[in-house]
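Enquirer: Could you look at this predicted model? Sequence included:
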Amino acid sequence: MSTISNLFFLLLIFLSISFSNGTQLIIVNNCKESIWPGILGGAGHPSPEDGGFHLNSGEETVLKLPDNWSGRVWGRQGCCFDESDKGSCETGDCAGLLQCKGMGGMPPATVVEMTFGTDKNPLHYYDVSLVDGFNLPVSMVPVGGGIGCGVAACVSDLNVCCPSMLEVKRGGRVVGCKSACLALKSAKYCCTGEYSTPKRCKPTLFAHLFKAICPKAYSFAYDDSSSLNTCRASHYLITFCPPTR
């Protein structure tokens with residue numbers, strides 16, 4: 001096959017992917033060790049891969065999601081599963097299962113949240129949230145999509161500077177950083193009860209710390225203005241342990 005024919009063939013593949021229905025997530029493990037991504041569809045939406053899978057260091061996978069899909073993705077680390085796919089993870093565990101099957105991850109876990117649009121409402125909304133705490137650096141970047149498409153990310157390792165009262169340790173090392181809500185169980189920190197409105201729920205000292213280190217991530221429940229991104233792309237790249245430069 002000639003070079004021109006090869007290029008034309010690749011162009012056809014690109015166009016068929018770019019303009020097909022749905023959205024593709026490219027999930028990459030850039031960490032030095034294995035991770036076990038978890039994925040949970042929102043109410044009424046499926047969870048691809050039955051909700052969880054394994055990625056060796058340097059591996060990636062592609063998930064195709066339908067229009068109007070919403071859900072969340074998080075990374076699990078330090079997992080060990082037996083032949084029946086049962087076991088546990090140091091962080092992000094989902095009921096001791098390899099495939100989370102509709103279960104969310106146990107905090108603390110860095111969460112990537114997204115809601116994809118339709119032809120009638122074409123915008124996609126996405127963010128990286130530290131509301132459930134932190135375990136792994138992660139970013140979500142649109143591939144294409146045009147001007148105004150933002151990057152959602154927490155690329156720094158918050159475990160290194162986690163306040164001692166928020167630390168989660170395994171074997172003497174910090175593997176996660178709790179949210180203030182999880183650690184203190186107070187309405188003020190959880191934005192519940194009398195603090196359940198944007199007017200009453202304000203960023204705390206811990207939220208300010210998280211925001212200073214990860215300015216492109218949600219630091220508390222009502223951190224929309226600087227953390228929620230909108231775009232309209234056919235592909236999004238989710239990278240665990242993304243490059244810091």
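Expert: Right, received. Where do you want to start?

Enquirer: in the chain, which ranges drop under the pLDDT threshold?
Expert: 1-20, 119, 245 (pLDDT under 70).

Enquirer: At which residues are the helices of it located?
Expert: 3-18, 180-184, 187-190, 205-213 (DSSP state H).

Enquirer: For the last one, what is the distance to the chain centroid?
Expert: What it means is helix 205-213. Put simply, helix 205-213 sits 19 Å off its chain's centre (C-alpha atoms, centre = their mean, to the nearest Å).

Enquirer: In it, which residues are buried?
Expert: With burial defined by 16 or more other C-beta atoms under 10 Å, the residues of helix 205-213 counted as buried are 206, 207, 209, 210, 211, 213. Backbone N, C-alpha and C define where each C-beta goes, glycine included.

Enquirer: what's the distance between the residue nearest the centre of the chain and residue 184?
Expert: Nearest to the geometric centre of the chain sits residue 112, at 2.2 Å (C-alpha atoms, centre = their mean). Computed with C-beta to C-beta, to the nearest Å, the distance linking residue 112 and residue 184 is 25 Å.

Enquirer: swap in residue 214?
Expert: Look at residue 214 and residue 184: by C-beta to C-beta, they are 20 Å apart.

Enquirer: These two: who's more crowded?
Expert: Neighbours around residue 214 and residue 184, counted as other C-beta atoms under 10 Å, are more numerous at residue 214. The numbers are 21 against 16.

Enquirer: give the contact list for the nearest residue to that one once chain neighbours are set aside.
Expert: Leaving aside its chain neighbours, residue 214 sits nearest to residue 154 (3.7 Å; criterion: C-beta to C-beta, 6 or more residues apart in numbering). Counting by C-beta atoms under 8 Å, 6 or more residues apart in numbering, residue 154 makes contact with 110, 128, 130, 134, 137, 138, 139, 213, 214, 216, 217.

Enquirer: now do 10 Å
Expert: Residue 154 sits next to 110, 112, 128-130, 134, 136-139, 210, 213-219, 242 when contact means C-beta atoms under 10 Å, 6 or more residues apart in numbering.

Enquirer: How about residue 155?
Expert: When contacts are counted by C-beta under 10 Å, 6+ apart, residue 155 touches 128, 137-139, 213-214, 216-217, 239, 241-245.

Enquirer: List only buried entries from the residues you listed.
Expert: With neighbours counted by 16+ other C-beta under 10 Å, these contain buried members at 128, 137, 138, 139, 213, 214, 216, 217, 239, 241, 242.

Enquirer: Tell me the one among those residues nearest to residue 150.
Expert: Of all those, residue 150 sits closest to residue 216, with 7.6 Å by C-beta to C-beta.
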